[in-house]
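K.L.:
Sequence first, predicted coordinates after that:
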Amino acid sequence: MSEQQLTPQQIEELEREWQRECFQNAQKHLAEKGIIPSTVFDNESRFLAPLCAIWKMKAQNGKNYWVITGRLPTDHMEASAAKTAREAIKYFSYRWQLKADDILATSKHDETQVKFANLLVNSAHGIYEIADREQLWANEAS
């Protein structure tokens, strides 16, 4: 079924389903790192379906985290590193580029690692472009 054939209600349902899936991925990612989320700050989280979602979550350990999910590597950081979702996206972009540089410097002959480094670079560029688009962030409090 092409998008032209979808009703607004169907599109909305697909976006809600995508958001639920991203939320589950964010929770799973944190749990795999030993971090148990307890609260989501909906008003500070951002959803740019179907590309990425950035969640601000409070964990049972009392710390707040930013978690990025979607069509890119799932990752997290302490919320103290970025005040807003937009700043968090820029931080992830920068961190992924550094990680890719490290991988390429140390794993030149490991094809899997080189592919992962390229994925990080492409994802970093893509999310930086998202963070750089003013119209997407017009309603974000600074």
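P.N.:
Structure's in. What do you need?
K.L.:
now that we're looking at residue 25, which residues does it contact?
P.N.:
The neighbours of residue 25, taking C-beta atoms under 8 Å, 6 or more residues apart in numbering as the test, are 69, 74. From N, CA and C alone the C-beta is placed, and that goes for glycine too.
K.L.:
Starting from the helix or strand hosting it, tell me the next helix or strand along the chain.
P.N.:
Element membership for residue 25 (DSSP states H and E) is helix 8-32. Next in sequence after helix 8-32, counting helices and strands by DSSP H and E, comes strand 37-40.
K.L.:
Give me the sheet partners of the least confident helix or strand in the chain by mean pLDDT and which way each runs.
P.N.:
Ranked by mean pLDDT, DSSP states H and E, the weakest helix or strand in the chain is strand 46-48, scoring a mean of 91. Each strand paired with strand 46-48, and its direction, by DSSP bridges: strand 52-59 (antiparallel).
K.L.:
what pLDDT, on average, does the following helix or strand past the partner strand get?
P.N.:
Moving toward the C-terminus from strand 52-59, the next helix or strand (DSSP H and E) is strand 64-70. Strand 64-70 shows an average pLDDT of 97 in the prediction.
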